[in-house]
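Q: Here you go, sequence then predicted model.
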Amino acid sequence: MPVAVINRRVDQSVSIPTYQTLDATPIQVSMLSVPEGTTVHAVVYIIARATDGTSRSWHIERTGKNSGAGVVAVGAAPAVVGESDAGAAAWSVALSVVGSDVMLNLTGDAAKTVWWTVVNDYLLLSTNA
């Protein structure tokens, strides 16, 4: 299993989880739960690398809110920023919602094993007491 490391400061590194897709079978990763009466702004960084060395990265920013009926997006989705090797063009990432939970969907490519790592930062603002 690959090791993923985030270095937020020069003197601190921590291990973070990795995920694996086989072929083009998608997986779903739970990002965070947004309580009722709360607005969230999430910044998500994703990198992926196949066993053959092919690589791709994404940077996604979204704002959502939970007014009692689950999480809904605020405004239109901005463009996703990313870089890709030519052989990773079919790989995809997408945010989705299941009730109050924000999920990340990861999809690799046929006949490839792809390893993924995800870092998400978010701000929550709640008006509930």
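A: Noted; the coordinates are in hand.
Q: who touches stretch 26-37?
A: If you take Cβ atoms under 8 Å, 6 or more residues apart in numbering as the criterion, stretch 26-37 is touched by 19-21, 40, 42, 44, 64-68, 71, 95-96, 100-107, 118, 120, 122, 124, 126-128. Backbone N, C-alpha and C define where each C-beta goes, glycine included.
Q: cool, and stretch 63-72?
A: 34-42, 73-75, 97, 99-102.
Q: Show me which positions of the helix or strand harbouring V102 end up buried.
A: Using DSSP states H and E, V102 sits within strand 101-107. Neighbour-count burial for strand 101-107 flags D101, V102, L104, L106, T107 (criterion: 16 or more other Cβ atoms under 10 Å).
Q: could you pull out the strands for the protein?
A: Assigned by DSSP state E, the strands in the chain fall at 4-9, 12-16, 18-22, 27-33, 38-50, 55-66, 71-73, 81-84, 92-98, 101-107, 113-126.
Q: Now do the contacts for T51.
A: K112, T113, V114, W115.
Q: got TSV for the residues you listed, with pLDDT, distance to R56 and neighbour count too?
A: Below are the contacts of T51 laid out as TSV (pLDDT from 0 to 100; distance: Cβ to Cβ, whole Å; neighbours: other Cβ atoms under 10 Å):
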residue	pLDDT	distance to R56	neighbour count
K112	95	11	18
T113	97	14	14
V114	97	9	24
W115	97	11	19
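Q: Throw those into TSV and include distance to W91, thanks.
A: Output for these, formatted as TSV (distance: Cβ to Cβ, whole Å):
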residue	distance to W91
K112	9
T113	12
V114	7
W115	12
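Q: between those, which is closest to A86?
A: When those are compared for distance to A86 (Cβ to Cβ), K112 wins out at 13.4 Å.
Q: Please name the bridge partners of the closest residue to the closest one other than its chain neighbours.
A: Leaving aside its chain neighbours, K112 sits nearest to A50 (4.8 Å; criterion: Cβ to Cβ, 6 or more residues apart in numbering). Beta bridges link A50 to V114, judged by DSSP bridges.
Q: This completes my enquiry, with thanks.
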